[in-house]
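Novice: okay, predicted coordinates and the sequence, questions at the end:
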Amino acid sequence: MEFGENSQRIRRSYPELPRRASRSRKPRSNLKKPRLPPAVTTESATLHFPLGLLRYSLLIGGLVRRVETVLAGSQQGDCAEIDSRNNINVEINVERQLPMTLAQAYGPDKFGLSFELFPPKTEKGMSALFRHVSRLAKFQPDYITCTYGAGGSTQDRTLEVIAGVLERHNLPVATHLTCVGRTPDELKDYLSRAEKLGIHNVVALRGDPPKGETEFRPVEGGFSYANELVAFIRSEFADMGIAVGGYPETHQEAPNAEADIENLKRKVDAGADLVVTQLFYDNREFFDFRERCQVAGIKVPIVPGLLPVTNGAQVQRIASLCGAKLPDQFVSDLQKHEGDVSGQFEVGVEYATKQTADLIEAGIAGIHYYVLNKSEAIERVLGVVSLPR
Ligand SMILES: Cc1cc2nc3c(=O)[nH]c(=O)nc-3n(C[C@H](O)[C@H](O)[C@H](O)COP(=O)(O)OP(=O)(O)OC[C@H]3O[C@@H](n4cnc5c(N)ncnc54)[C@H](O)[C@@H]3O)c2cc1C
């Protein structure tokens, strides 16, 4: 695959921040101040890894969560001091809440920009996270989400992170939520707590089987699939914004792509407002997926989820976790800079920039970045690409 012509024109100097003022959708280049860099070809190849590699870890669905786990150490390593504001007062002033729902971020004259965080394990990680969020907030995201893990303390951290984002930046936020190990009453209790904190949006997921198990088993009386969770949220929290996960490269448990799309449609029919996709590196996968959604009659926004890769080791981990299709040229460009952290960062940023520009050129409702609690790569990408907003 080759990215569009415009995508080949990248300004490599340090970016100015994009302005949000213009909401017009006039055709224009989506790259700021074009300058021609060396072309990057993107012929794709699926990287195959031995199935013996933790079969459990090969599940594409849990990739982001696992990538977070793998990378969490590095994000925590770069924070020096503890931010005293980390002691978040969970009794947030209700009057400051923004009652915006996720669906309102997208529309004919709206391009939704969103960032996804994960709950750090330590106070140090928490303070680093909020420093990065402050930088990301300058891009005026339409909302910020935070993932939800299996453990109770991590789940409280999820609320702490998004309540903190809301309190500091007054930005709309969404909590992720999974059915893992939770009864409907417990899920309801979590969402009631979230609502009291001013959180009116949820990314509703089934979740992956707990560690050591290969099959998802609901708790007694619990939900087996995300569409049941979506229906439950709609019935209990009618006004809540709901996003669901979609899989351009097909969820690993689905018998085939068509069945997976049918199941995605169940989630939309149950009341989801939009679909956010699993990460991918070959835009053709996304375009094909979007087409399958259209054919199936899925009419809500399909928002691509992108994770800029900024070092070679990360690529290998991602590949080993999900068997994602990674462009040969991209992998080899990263390999050329082996041992050169900043060289690999530049290659990753350039790839993510072109991938973003190409998606925009093809007309997308918005974009969701898995930022992995860091801001540098996204600042570079969004400093170059003009979002149509
Ligand atoms: C945007 C995004 C965010 C995520 N955030 C988190 C997170 O915060 N925490 C976390 O633990 N994980 C997260 N995940 C990973 C997710 O939990 C896994 O991918 C999980 O394996 C599937 O979740 P789901 O909601 O897509 O499941 P489902 O939509 O329930 O699908 C699971 C599988 O079952 C099939 N299926 C669905 N419905 C039916 C049905 N009614 N009958 C038969 N088969 C059906 C599907 O085709 C699919 O193969 C995220 C994934 C994405 C894409």
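Specialist: That came in fine, so what should we check first? Note that this is a predicted model, so its numbers are computed, not measured. Residues are numbered from 1 along each chain as shown.
Novice: touching, Tyr190 and Leu177? I think so.
Specialist: Yes: at 6.6 Å, Tyr190 and Leu177 qualify as touching, with contact defined as C-beta atoms under 8 Å. Every residue, glycine included, has its C-beta placed from N, CA and C.
Novice: who's more crowded, those two?
Specialist: Ranked by neighbour count (other C-beta atoms under 10 Å), Tyr190 and Leu177 place Leu177 first, with 24 against 19.
Novice: list of residues touching stretch 210-221?
Specialist: 55-56, 150, 179-184, 206-209, 224, 253 (C-beta atoms under 8 Å, 6 or more residues apart in numbering).
Novice: now, which of the residues you listed lie close to the ligand?
Specialist: Restricting those to those touching the ligand (C-beta under 6 Å from any ligand atom) yields Arg206, Gly207, Asp208, Glu253.
Novice: pull out the buried residues from the contacts of stretch 210-221.
Specialist: Of the members of the contacts of stretch 210-221, the ones counted as buried by neighbours, 16 or more other C-beta atoms under 10 Å, are Ala150, Cys179, Val180, Arg182, Pro184, Arg206, Gly207, Asp208, Pro209, Glu253.
Novice: which two of these have the greatest separation?
Specialist: Pro184 and Glu253 (22.4 Å; C-beta to C-beta).
Novice: which parts of the protein are helices?
Specialist: Counting by DSSP state H, one finds helices in the chain at the ranges 63-77, 123-137, 152-169, 184-196, 226-236, 257-269, 283-295, 312-322, 328-336, 341-361, 376-384.
Novice: okay, buried residues for the third one please.
Specialist: By neighbour count, with 16+ other C-beta under 10 Å as the criterion, the buried positions of helix 152-169 are 155, 157-167, 169.
Novice: does that helix come close to the ligand?
Specialist: No: on the criterion C-beta under 6 Å from any ligand atom, helix 152-169 is out of touch with the ligand, staying 7.9 Å away.
Novice: remind me what that helix packs against, helices and strands.
Specialist: strand 112-117, helix 123-137, strand 143-146, strand 173-178, helix 184-196 (3 or more C-beta pairs under 8 Å, 6 or more residues apart in numbering; DSSP states H and E).
Novice: go with 6 Å
Specialist: strand 143-146, strand 173-178 (3 or more C-beta pairs under 6 Å, 6 or more residues apart in numbering; DSSP states H and E).
Novice: was I right to think Trp165 contacts Ala174?
Specialist: For the record, residue 165 is Val, not Trp. No: look at Val165 against Ala174 with C-beta atoms under 6 Å: they stay out of range, at 10.2 Å.
Novice: which residues touch Lys336?
Specialist: Listed by C-beta atoms under 6 Å, 6 or more residues apart in numbering, Lys336 has no contact partners.
Novice: residues contacting the residue in the stretch 201-350 of the chain that the ligand sits nearest to?
Specialist: The ligand sits closest to Gly245 of the stretch 201-350 of the chain, with a gap of 2.9 Å, by C-beta to the nearest ligand atom. Gly245 makes contact with Leu205, according to C-beta under 6 Å, 6+ apart.
Novice: how near is it to Ile318?
Specialist: Gly245 sits 17 Å away from Ile318, going by C-beta to C-beta, to the nearest Å.
Novice: just give the number of residues close to the nearest residue to Gln335 once chain neighbours are set aside.
Specialist: Using C-beta to C-beta, 6 or more residues apart in numbering and skipping residues adjacent in sequence, the residue nearest Gln335 is Gly312, 6.2 Å away. Residues lying near Gly312 (other C-beta under 10 Å) number 22.
Novice: going forward, the N-terminal residue is numbered 596.
Specialist: Okay, residue one is now 596; in that scheme the one you just asked about reads as Gly907.
Novice: pretty sure Gly907 is touching Leu929, no?
Specialist: Yes: contact criterion C-beta under 6 Å: Gly907 and Leu929 qualify, at 4.2 Å.
Novice: what do the two both touch?
Specialist: Common neighbours of Gly907 and Leu929 (criterion: C-beta under 6 Å, 6+ apart): Gln939.
Novice: so which residues on the stretch 746-895 of the chain come close to the ligand?
Specialist: Contact residues (C-beta under 6 Å from any ligand atom) of the stretch 746-895 of the chain with the ligand: 771, 773, 798, 800-803, 820-822, 840, 846, 848-849, 854-855, 858, 861-862, 871, 873.
Novice: rerun at 8 Å
Specialist: Within the stretch 746-895 of the chain, the positions lying close to the ligand (C-beta under 8 Å from any ligand atom) are 753, 771-773, 775, 798-803, 811, 819-824, 838-842, 845-849, 854-855, 857-859, 861-862, 871-873.
Novice: check the chain for me, the residue farthest from its geometric middle.
Specialist: Residue farthest from the centre of the chain, counting by C-alpha atoms, centre = their mean, is Glu815 at 30.2 Å.
Novice: what's the spacing between that residue and Glu848?
Specialist: Computed as C-beta to C-beta, the Glu815 to Glu848 distance reads 22 Å.
Novice: let's see the pLDDT reported for Thr749.
Specialist: Thr749 carries a pLDDT score of 82 in this model.
Novice: could you find the closest non-adjacent residue to it?
Specialist: Closest residue to Thr749 apart from its sequence neighbours, by C-beta to C-beta, 6+ apart: Pro714 at 5.4 Å.
Novice: repeat for Glu857
Specialist: Spatial nearest neighbour of Glu857, excluding adjacent residues (C-beta to C-beta, 6+ apart): Ala891 at 6.8 Å.
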